[in-house]
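Asks: structure, please.
(2 chains)
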Amino acid sequence: MLEEKNYQNRRINPQTWKRLLGYARPYRKKYAILLTGSMAAGIIDLIMSFMSMWAIDGFMYRKTTENIGLFAAAAFGLQILTASLTLLFVRSAGQIEAHMTTDIRRAAYLKLQTMSFSFFDNTSVGYLLSRLTNDISRIMEMVSWVCIDLGWSLMAVVASLIAMFAVNFKLALITVTAVPLIALLSVYFQKKILKYQRETRRINSMITSSVNEGIMGAKTSKTLVREELNCLDFTEITEKMYSASMRSAVISAVYMPLASIVISAVTGLLIIKGGRDVLGGLLTVGQLNFFINIGNMMFEPIRNFAGIFAEFQSCQAAAERVSDLLGAVSDIEDRPEVVEKYGDFFNPKKENWEPIKGEVEFENVTLRYKEGEDVLKNFSLKVRAGENIALVGETGGGKSTIVNTVCRFYEPQEGRVLIDGKDVRDRSQLWLQSALGYVLQTPHLFSGSIRENIRYGRLEATDEEVVEAAKLVGAHEFITKLEKGYDTEAGEGGSNMSTGQKQLISFARAILADPKIFVLDEATSSIDTEAELKIQAASEKLLRNRTSFIIAHRLSTIRNADRILVIDGGEIAEQGSHRELMARKGRYYELYMNQFRNERVRESVKILGQ
Amino acid sequence: MVNKKGSALRAVLRYTRGFRLSIAASFLLIGAELAISFISPLIMSVTIDSVLGTKPLNVGWYFKWYILAIGGVDYIRLHLWLMAATMIGMQALAGLIRFLRTKLNTHAGEGSVRELRNRLYAHIQRLPFSWHASTQTGDIIQRATNDVDTIRRFNTGILVEFARTVLMLAVGSFIMFTINAVLAGITVAMVAPVVLTSILFFRRITRYDSEMEQAEGELFTVMQENLTGIRVVRAFGRSAYEMSKFNAKNDETCRRIIKVTNNFASLWALLDLLCGIEIAVIMVVGIVLVVRDSLTVGLFTAFTSYVFAFFWPLRGFGRILSQLGKTMVAAGRLEEIFDAEEERALDEGITPPLNGDIEFKDVCFSYGAVPVLDHLNMKIRGGATAALLGGTGAGKSTITMLLQRLYEPQSGAITVGGVDIAGIKKTYLRSRIAMVMQEPFLYSKSILQNIGIKFSEPDREACEEAAKDACVHEDIMSFEKGYDTLVGERGVTLSGGQKQRVAIARALTGESDILIFDDSLSAVDTKTDASIRDALRKRRKDATTIIISHRVATLMEADEIFVIKNGRVAEKGTHEELMGLPGGIYRRTFEMQSSAEEGGEEHA
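Replies: Predicted coordinates for the structure are as follows:
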């Protein structure tokens, strides 16, 4: 089973972040604006505290409204400035977030387009998708918005400290004592809070899969009379969720009050010391009020710092996953001089491509997916251009590996694969892969119309050519019977096409590509007998002048192959034409007869229905 | 529509049943918390005006009595620590209340959601077989997860925020008006514009938000299709094309996200502006009032802190309302599930022995308008092995389902040992009938737990024994963790044949009177099929066995074979008897299938 690499790291690793932050470069200016804007906002908040002081000491105690116009102008001006800054930095943070997410996702996706098949064999699509979506969003959200918090908090703390010490040294000292206390509290609790939040998220996903199972398996549960037992199992999980949420809530319900109490203690000290000073005429009421305001204001930035730290830590795992993806190296890569001459996946230099004839040769090929488990061992095979080869044998014998190696989706550890007498590694991957027609057992169609799906084989094909291809494989008939014909939605949820029909479409798609090398990997397994006969009839035409490799589950479909290879344990156990192999009464004969029996069972079902 | 909304609202209320006292108590505590938060600025106010200044006590009764109780302003002036202690004490009290309130809220919110989840899950489990057969599982799963999450967000957060905002308006206005009517008037006047702005913007944001979600969904589809079909992409050399397809969606999503955040930017900026103007006005008017002696400095400082406390929660009012809307929709969708009727009288009825003859008497059954069984008459001897042969849709599976009372026949009767099963307790009947379906469902538990699913503590030996009989023991032992291997998402993926055999092992554990194999050997090869049947014969003791299959070889050894066609028994008898019917369905099927033995030659 494929196990995802375990990302349990909770240590912040600068290397990881360095790669990700490289994507911030194009947005340096925006970041600068963001930082300046949020710092300015921090300063304005401080100025507002000075404004209060001015209001109290400058107007109220002096019993004058002289200069109130100036005061009003300043107050309104500052508020308008604050609002504009909010507009500015929320917009820039949003843009940074959106653009960086887009950029990193594009880079990761681009990387995935060039990774070899062995990478996909070992990584589930679900994990990849969650990296491309959740992980990236999570990191980018933090990386962009954190700047606002950081800029504002930094300024709020630094400016407040300077201002406090400028106004009154002793009171400033009292206020500052709270800083380390609140910082400690915050770091401790923020970590805990995040930990509990993770826990609840984990249990929540357990609930989701449990609900899933409860509904998917409901019918079976009924026959097993397991309904009430299922309910008991489920209650256990929901109970866990309840306790985890309670723990999580209680921990934050302790943190905030504790922090408030620390702050009120500072305020209390300020009242005692400041109050005496006011009574003694050493301090104005405005100044005292200023300190009390600042004391309250200090809490938020410090909490932010702790929050940012904890966030970074909790994002570490996600960051590593994304960073690893961005840094992944495909085990099949075209050499620089090959790229130089033939181009890469995205900028092919087609003018330098030699035409493909379709001669394929395996020269002592040894291939393994895992150390010590050779799938192919010293495998040699020579296929003439235009020859039709069928591969049969047990699952896991190496049939798919052979055809995928022809396509250079895997590369052998030892030996060479030659196309037209040239090592495939001396050509670009796209050169070979552009000449392939490839039809898989589970037909994969994209969302979009049937027409678009067939055209995937050759993007510049005309509508007529698309129809022509469909006719060739015998798909035209059923397509025209569909309500929307060729415009029928082919993707998931689009239509009620059977697997067999989808296979026909993917067949037509491959035909349209006019490939030199044709690979059919159990391509006709879900097609009903009638359609299969059609394809068989057409395939003689289809496969003429093309080298083809057919893996067939139903042996009746490959009787006309030029050569049938019985593959077992990565080796050719038998080879020859159908007639030759049947006469030999060996492995092929046994396989064939066994299948024939099953075929008859299937056919006989039809009688029963008549 | 109105009616629907009303019932959705009632449903949302119903989901809080059992926790209403906690909710009410938490609302009281929220009120207390708010009162403290509005009174604590008065400590500073009194200190400035009357302790440090010479103004007479100018606060409302709710604080005045306290100042007098601790000795009055003159005493406090000499003992300033009293004010400090008051400050700390008040915060400690607020902290305590807040702590209790959070506990109560979380208890009520999470507790009610736990109940809702349990209730919904149990309800779904208890819905009849027919309901499950006719609903789209994807849709139900969506509702049971996403919609419940929406309710959860409401019960654990939005409800409290809503109550808090409303209470804050009441408590805040009350205290502000007792201090200074002019400033209070100015403050309250700004409530409407702030709330309106918030609501209007959230309408827009909700719309853009769903556009964004749609774009994200499309992007997700593109990525998913590409990654699952990466082999196709590469085989056609379409990387560049795929990249441009992706870029279009990726950039579209980017634009949508920016649109949403830009709207948020405007909303927050506008709210900042409104609140900012408010603060500036309060300051300027405050100065004028103090200078004219209609307000004191202390009360002025109190007011400035009120304004912020007052407007902060109001900013989110639009979000609260939009969430409320979503909650109603979610509740409506959940109610549709709750409205479906549970299977009745599961535990009522008699529990007679079930090893007697099984008899279908004149049974008719149809799914909706589609007739399936048409006056079916059939008798299976107790302890015998009966085989059913028939085409797709002939009604074979329906027969087994009726026998388990997963469906009830429209007319006719089914008896076991002469007792009409309509009077037999459903749970008893089903637990004594072991059934294996063609596409069996395995639970995401260990293989051992799956085989011994009928027991809370499965007996390892018995399970292994059953697995051996079902010819799956060796497969299981080939897994690293053997019988403790997890099945499904977090464990191994079993092949179709392995699943079928595990399900057979599951059916073989524990005692049962009737064994049903509904085409459950279709994915195993002929040899394994034979050895499983062999083991079955040895172990089933006197259980009545019903085997459904298309493979004649699987059926031919049965004591009696029934050929089902168009919902009736077309032919019945032993293999020999049926072979004696020239032109019979059974015989033709047999001939066709066995002709394969010699027919291979002609293919050479």
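Asks: surely B:Thr589 and B:Thr554 touch.
Replies: No: with contacts defined as Cβ atoms under 8 Å, B:Thr589 does not count as touching B:Thr554, sitting 11.9 Å away. C-beta coordinates here come from the backbone N, C-alpha and C atoms, glycine included.
Asks: so between these two, which is more surrounded?
Replies: B:Thr589 (26 against 23; other Cβ atoms under 10 Å in any protein chain shown).
Asks: check which helix or strand the more buried one maps to.
Replies: Here B:Thr589 sits within helix B:585-599, counting by DSSP states H and E.
Asks: same question for A:Tyr109.
Replies: Taking DSSP H and E as the definition, A:Tyr109 sits inside helix A:68-114.
Asks: that helix vs chain B: in contact?
Replies: Yes: using Cβ under 8 Å from any Cβ of the partner chain, we find that helix A:68-114 touches chain B at A:68, A:71-72, A:75-76, A:78-80, A:82-84, A:86-87, A:90-91, A:93-95, A:97-99, A:101-102, A:105-106, A:109-110, A:112-114.
Asks: filter the residues you listed down to the buried ones, ChimeraX style.
Replies: With 16 or more other Cβ atoms under 10 Å in any protein chain shown as the criterion, this ChimeraX line picks the buried residues out of the residues of helix A:68-114 next to chain B:
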select /A:68,71,72,75,76,78,79,82,83,86,87,90,91,93,94,95,97,98,99,101,102,105,106,109,110,112,113,114
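Asks: now the element after the lowest-mean-pLDDT helix or strand in chain A, going C-ward?
Replies: When the helices and strands of chain A are scored by mean pLDDT, DSSP states H and E, helix A:529-543 comes last with a mean of 68. Moving toward the C-terminus from helix A:529-543, the next helix or strand (DSSP H and E) is strand A:547-551.
Asks: could I get the average pLDDT for whichever helix or strand comes after that following strand?
Replies: Moving toward the C-terminus from strand A:547-551, the next helix or strand (DSSP H and E) is strand A:563-568. Averaging pLDDT along strand A:563-568 gives 89.
Asks: ok, strand A:563-568 near chain B or not?
Replies: No: judged by Cβ under 8 Å from any Cβ, strand A:563-568 stays clear of chain B, getting no closer than 13.1 Å.
Asks: run the angle between that strand and strand A:547-551 for me.
Replies: Taking axes from the mean of the first three to the mean of the last three Cα atoms, to 10 degrees, strand A:563-568 and strand A:547-551 form an angle of 40 degrees between their directions.
Asks: quick check: neighbours of strand A:563-568 in the sheet, parallel or antiparallel?
Replies: Using DSSP bridges, the strands paired with strand A:563-568 in its sheet are strand A:388-392 (parallel), strand A:571-576 (antiparallel).
Asks: could you list the residues in contact with the longest one?
Replies: Residues from elsewhere that reach strand A:571-576 (Cβ atoms under 8 Å, 6 or more residues apart in numbering or on different chains): A:377, A:379, A:381, A:393, A:398, A:563-567, A:581, A:584, A:586-588.
Asks: one more: the first one?
Replies: Outside strand A:388-392, the residues that touch it by Cβ under 8 Å, 6+ apart are A:383, A:399, A:402-403, A:543, A:547-552, A:555, A:558, A:560-567, A:588, A:591.
Asks: from the chain's centre, how far out does that strand sit?
Replies: Strand A:388-392 sits 37 Å away from the centroid of its parent chain (Cα atoms, centre = their mean, to the nearest Å).
Asks: isn't there a strand covering A:Arg368?
Replies: Yes: counting by DSSP: H, G, I helix; E, B strand; the rest coil, A:Arg368 is found in a strand.
Asks: got the domain boundaries for the chain?
Replies: Picked chain A for this. A:1-167+A:316-329, A:169-282, A:336-435+A:519-529+A:548-610 (automatic domain parsing).
Asks: wait, chain B
Replies: B:1-179, B:181-294, B:358-595.
Asks: as CSV, these with distance to A:Lys219 and mean pLDDT would be great.
Replies: Formatted as CSV, the domains of chain B follow (distance: least, Cβ to Cβ, whole Å; pLDDT from 0 to 100):
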stretch, distance to A:Lys219, mean pLDDT
domain B:1-179, 5, 89
domain B:181-294, 28, 90
domain B:358-595, 7, 84
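Asks: quick one on the thing from earlier: only whichever of the contacts of strand A:388-392 are buried, select them in PyMOL.
Replies: The PyMOL command for the buried members of these (criterion: 16+ other Cβ under 10 Å) is given here:
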select buried, chain A and resi 383+399+402+403+543+547+548+549+550+551+552+555+558+561+563+564+565+566+567+588+591
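Asks: buried deepest among the strands paired with strand A:563-568, which one?
Replies: Compared across the strands paired with strand A:563-568, strand A:388-392 shows the largest average neighbour count, a mean of 24 (mean count of other Cβ atoms under 10 Å in any protein chain shown).
Asks: helices and strands around the following helix or strand past it, which ones?
Replies: Next helix or strand after strand A:388-392 toward the C-terminus (DSSP H and E): helix A:399-406. Applying 3 or more Cβ pairs under 8 Å, 6 or more residues apart in numbering or on different chains; DSSP states H and E, one finds that helix A:399-406 makes contact with strand A:360-370, strand A:373-383, strand A:388-392, strand A:517-521, strand A:547-551.
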